[in-house]
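Novice: My questions are about this predicted structure, shown below with the sequence.
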Amino acid sequence: MKYLILVGDGMGDLPIADLDNRTPLDFAATPMLDDLCQKGRLFLTRTIPEGYPPGSDVANLSLLGYRPEEYYTGRAPLEASAMGITLAADETAFRCNLVTLKHEKDGKVRMIDYSAGHISSEESSQLIEALERECATETFHFKAGISYRHILLVKGDYPAMDPVPPHDYLDKDVTTHWQRYMENPAWKKLFIKAKSILANHPVNQKRAAKGQNQANGIWLWGEGKLPAMPSIQERFGLQGSLISAVDLLKGLGVNAGLDILNIPGATGYIDTNYKGKADAALECLKTQDFVFVHLEGPDEAGHQGLMQDKLQAIEDFDAKIVTPIVSGLRDRGEEFRLIATMDHYTPLCLRTHTNNPVPTILYDSRELEKGSGQNFSERTGDEAGKKKNGTLPDGETMLKQLLQQK
């Protein structure tokens, strides 16, 4: 038996007037997801425990079968693991975004773009190298990641500042949060120096000449220490792989003991290499039991409030990820059980995550159970959840249901 979890990050949304008061998932053409839902079980999964932030870190940790209450230490250490960084006991990892900020004359600061125009990895690596060369100390070190996503390592104690995710503040006033950095001499020196280096770097000068958003600031958040997690093989007896363009997910996979399949051309947006991901999933299932495939596009579109991009990302998830993987397994005559879901909602009207329970499909290729008869959407998921009239399963329970384990 083969086991799969297919995740459309941030796919969930709220009804939109321009879509006949339907959500993008309900409105989009998703024939394979609908077919799986009609023939399989449909239920709600609570991926965000009470009191936890509704981030992709917490939610995907949950989808991998780990209770965040026991294993979550922060987002950045997971991303550091994906980059091959082993944290020492006295080190803390911070996620370091390259962002576009507007410093206004009255002292206010606005978050123009949390991704600096989805800056390329080639450009951003040059900027991070410059920051490491000019700003590194015994305390601070910069490590280059992908696109706008990087890591700052902090050795020893550091001043608390209660950082916030920049994608929650797109085109919003972040003066209060910026001032927290300015209140401590060490943080202030680092941020002001970084601002100067970035402003004068040739990469940003070229971006300005092209009319692109400049990476004119750094933004720290998601800090944490290295987590201690048993592997999925130790917990569930599975050998498998994880496929994602995003360091956060790769880091989760590393800590869960999964093989990380790096797909050329995987970008984390709607221009990603869908075929490469689907082909890699089918290939790994020739020799392994389990694969976790993650698509970031719907979430990125949600953060930017781009409805057409989100619709495209959802339809591409169905047509270019779910369909070829399911069809490939059927053509090979494989028996498989599959979860298709999302980690959280990223509503277009909010441009940030919410902690709604997520609709989840559980499909068995042997079709041993009576199907839901429903298309896949937030509405039908909510209806299925209400019929249960009880405690919703968390990610650990969901995974055990997939594996038919108690």
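Specialist: Happy to help now that I have it.
Novice: Wait, K143 touches E129, no?
Specialist: No. The pair K143 / E129 is not scored as a contact, 10.4 Å apart, by C-beta atoms under 8 Å. (Glycine included, C-beta is placed from N, CA and C.)
Novice: Which of the two has more residues huddled nearby?
Specialist: K143 (17 against 12; other C-beta atoms under 10 Å).
Novice: and the more buried one, what does it touch?
Specialist: Residues counted as contacts of K143 (C-beta atoms under 8 Å, 6 or more residues apart in numbering) are 80, 83, 85, 128, 132, 150-153.
Novice: what do you get if the cut-off is 7 Å, keeping everything else the same?
Specialist: 83, 85, 150-151, 153 (C-beta atoms under 7 Å, 6 or more residues apart in numbering).
Novice: Now the residue nearest the centre of the chain: phi and psi?
Specialist: For the chain, the residue sitting closest to the mean C-alpha position, by C-alpha atoms, centre = their mean, is S56 at 4.5 Å. Main-chain torsions, S56, degrees, to the nearest 10: phi -70, psi -30.
Novice: Repeat that for the one 3 residues further on.
Specialist: The phi and psi torsions at A59 (degrees, to the nearest 10) take the values phi -70, psi -40.
Novice: And the nearest residue to it once chain neighbours are set aside, how close does it get to L63?
Specialist: Excluding its sequence neighbours, the residue lying closest to A59 (C-beta to C-beta, 6 or more residues apart in numbering) is D343, at 3.6 Å. From D343 across to L63, the span is 6 Å (C-beta to C-beta, to the nearest Å).
Novice: Need phi/psi at the residue nearest to A59.
Specialist: phi -90, psi -30.
Novice: Isn't it up against D9?
Specialist: Yes. Using C-beta atoms under 7 Å, D343 is in contact with D9, at 5.6 Å.
Novice: so what sits against both of those two?
Specialist: Shared contacts of D343 and D9, defined by C-beta under 7 Å, 6+ apart, are found at S56.
Novice: Give me the residue ranges of the stretch 51-200 of the chain where confidence is low.
Specialist: Counting by pLDDT under 70, the stretch 51-200 of the chain shows no low-confidence range.
Novice: now the helices: where do they sit in it?
Specialist: With DSSP state H, counting those that start in this stretch as the criterion, the stretch 51-200 of the chain has helices at 56-63, 68-71, 76-82, 121-135, 175-182, 185-199.
Novice: got those helices as CSV, with distance to Y169 columns?
Specialist: Listed next are the helices of the stretch 51-200 of the chain as CSV, based on distance: least, C-beta to C-beta, whole Å:
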stretch, distance to Y169
helix 56-63, 17
helix 68-71, 23
helix 76-82, 18
helix 121-135, 20
helix 175-182, 7
helix 185-199, 16
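Novice: Okay then, goodbye and thanks.
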